[in-house]
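Novice: What would the 3D arrangement of this be:
(2 chains)
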Amino acid sequence: MSSLVQAQQITKEYQTGPVKALALQGVNLTVSKGEFLSIIGPSGSGKSTLLSVIGGLCTPTRGSLKVDGFNVYDLPQEKLADYRREYIGFVFQQFQLIPYLTALENVMLPLVAAGLKNNQQVAAAKEVLEKVGLGQKTQRLPSQLSGGEQERVAISRAIVNKPPLILADEPTGALDSRTTEEILELLAQLHSEGQTIIMITHNPKVAARAQRIVEIVDGKIAS
Amino acid sequence: MRLAQISLNNLRRRKAKALFSITSLALGVAIFVTLQSVGNTLQSDLAHRLDQYGANIIVLPKSDSLNLSYGGLNVGGVTYGQQYIGTDALSLITKIDDAESISTVSPKVIGALPTEHGESLIVGVDFQQEFTLKKWWSLTGQQPQGPWEVLLGAEAADKMNMQPGDTFRLSDTNVLVAGVLEETGSQDDYAIFLQLSSAQKLLDMQGKISLIEISALCTTCPIKEISDQIGQAIPTAKVTPLKEAVVGRMATTTRLATFATAISVLVIIISSLVVLATIMGSVNDRTREIGILRAIGFRQSQVAIIILIEAILIGLLGGITGMSLGYLGYTLGARVLTVQGGATFSVALAFWPIMVATLLAILASLPGVWKATRLEPVEAIRVL
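Specialist: Take a look at the predicted model:
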């Protein structure tokens, strides 16, 4: 299987006043197309930073990141935004939905950024909301949805523009066990359809649903 | 969905903050519009009223005389040249470039004639123009109508012991006292006024005028230009602008306008600071939201457009509301102050505050736009 992500010697330093903190230290990671990968590790180990670097959200201090063959951080700022829109589907912790937009409008956002026509945005957003079982709740605001439903909206937003890679940061961290199972089933379904997924989790049981598990400790790949 | 829809939805969600910004702008614009329009109207009204107080240009015959008078005491003088202006000068004055700025032209012929009470000062006037020029004149009896009806100054009437309805001989002509002026404290108190043509006949000065008093509208100052134009039209005349009167009028009206502008600018500055604080605060509150948009692929320019559309909407709504309130304030103000000279509320006065309000809102949002678009998305979200 060909590789989709190639992270080489990724180092990320944070400067807080005179103190320099190393979040990532020379991380090498390759993710194949269609792979479902879990990244585990204790709090502060650097796993979220790695996901941010792969997602084009955070420029590494050193090292290179190649996605689909091109070097992501060689792109200018506006092209980096295009990379996030076309290649990455983010599922954030705490859902991160825009509170004043309906479920449908939240899912439409990546398509607005892409400049699609309104009818195309609505059709695509409705299709994915149907797929995650929220076809009847498209006009609800996030505050009118349960945690599990908000997570489904977040996943819908991540997949609506059919990105090659989904990055999920603790997607089940705020959910009860039944809803966690539903979300994992949804991710598994997406993976079975050929979707590449990188998921961060604290929970070993959740991590076990992936094909491969990578552990990060103190900014380095431990296993 | 378009970018503007996101801006609109955000404003709807943050109704209180949006309303606060709009109200701040609206109040600033309303006070600005009210003060400016009422100030302009008052300025024009004041100019209109001041223009009613006498002549501000005197046209005299050119002569080489040396005037020997001081404090009203005339000790004579030596005259070498012409002592009158032709009546054709009146039509020439009406043809100058700025003729429409002239409100009153009052010609006079002046001389001395014998009466039963001795030699008297005779002033031939066009009564209609004279009464327009001298709004402060107050009389008992009535304004002279016929050619041999006269108006007496208070001192002259007292000295001659005359009242309205009495008659006396002026030179060899019987004249009727139509009215007596109340005391003015000027030379008018000693004069006998009669129709210009009658005085010309009695003084044997047909077709001649001793001087012309002109009142030009102060709103179209400078008087100097009008004086120069009259001087060119009547080369035989010496045209003197009464600078003190003009400068005084201008100074009063200018001070009024400056005061209104100063208050308006102060209000706009305070209003701008409030809007700046509110919009900047609003953008700061939305840092995380902006981070989410950036993370899911919105370009910096798209995020900037969303924030700017919000600012423009706030600015336009604030500007239009303020302009409407300002017009209301102006209408009430003009009514309370019972001004003359008509309304001066103009489209330009309404247009500029709306533009300024919109620009202010945009300027207020720029620091936030700069910060929001320059932040790395991960910093903005502070989650990943």
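
Novice: Mind picking out the helix or strand in the chain with the poorest mean pLDDT?
Specialist: Using chain A here. Least confident helix or strand, chain A: helix A:177-192 with a mean of 86, by mean pLDDT, DSSP states H and E.

Novice: look at chain B instead
Specialist: Sorted by mean pLDDT, DSSP H and E, the helices and strands of chain B end with strand B:73-78, the least confident at a mean of 47.

Novice: so where do the strands sit in the stretch 51-200 of chain B?
Specialist: Per DSSP state E, counting those that start in this stretch, the stretch 51-200 of chain B has strands spanning B:57-61, B:66-70, B:73-78, B:85-86, B:102-115, B:118-125, B:139-141, B:149-152, B:167-170, B:173-181, B:191-195. These are given in chain order.

Novice: Any idea which of the ones you listed gets closest to chain A?
Specialist: Smallest distance to chain A across the strands of the stretch 51-200 of chain B (CB to the nearest CB): 62.7 Å, for strand B:102-115. For every residue, glycine as well, the C-beta is placed using N, CA and C.

Novice: coming back round to it: so what does the least confident helix or strand of chain A touch, helix or strand wise?
Specialist: Packed against helix A:177-192, as judged by 3 or more CB pairs under 8 Å, 6 or more residues apart in numbering or on different chains; DSSP states H and E, are the following elements: strand A:36-40, helix A:147-159, strand A:165-169, strand A:196-200.

Novice: could you redo the ones you listed as CSV and give each row mean pLDDT, distance to chain B and mean neighbour count?
Specialist: Putting those into CSV (pLDDT from 0 to 100; distance: least, CB to the nearest CB, whole Å; neighbours: other CB atoms under 10 Å in any protein chain shown) gives the following:
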stretch, mean pLDDT, distance to chain B, mean neighbour count
strand A:36-40, 94, 12, 22
helix A:147-159, 90, 7, 24
strand A:165-169, 92, 6, 24
strand A:196-200, 94, 9, 25
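
Novice: Redo the ones you listed as a markdown table? Include distance to A:Gly55.
Specialist: Rendered in a markdown table, the data for the helices and strands packed on helix A:177-192 read as follows (distance: least, CB to CB, whole Å):
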| stretch | distance to A:Gly55 |
| --- | --- |
| strand A:36-40 | 13 |
| helix A:147-159 | 11 |
| strand A:165-169 | 5 |
| strand A:196-200 | 9 |
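
Novice: just so I know, which of those lies nearest B:Gln163?
Specialist: helix A:147-159 (101.3 Å; CB to CB).

Novice: where along chain A do the strands fall?
Specialist: Remark: strands of chain A, listed N- to C-terminal, are A:3-16, A:19-32, A:36-40, A:62-67, A:70-71, A:88-91, A:165-169, A:196-200, A:212-217, A:220-221; assignment by DSSP state E.

Novice: most packed of the ones you listed?
Specialist: Between these, the one whose residues have the most neighbours on average, counting mean count of other CB atoms under 10 Å in any protein chain shown, is strand A:88-91 (a mean of 27).

Novice: Of all residues in chain B, which one is closest to chain A?
Specialist: For chain B, the residue positioned closest to chain A under CB to the nearest CB is B:Gly297, at a distance of 2.3 Å.

Novice: Quick check: that residue is in a helix.
Specialist: No: the assignment for B:Gly297 (DSSP: H, G, I helix; E, B strand; the rest coil) gives coil, which keeps it out of a helix.

Novice: if I look at the most centrally placed residue in chain A, how far off is A:Gly41?
Specialist: By CA atoms, centre = their mean, the mean C-alpha position of chain A lies nearest to A:Leu167, the distance being 2.0 Å. When CB to CB, to the nearest Å is the yardstick, A:Leu167 and A:Gly41 sit 16 Å from each other.

Novice: same question, B:Leu203
Specialist: Plainly put, B:Leu203 is 118 Å away from A:Gly41 if you go by CB to CB.
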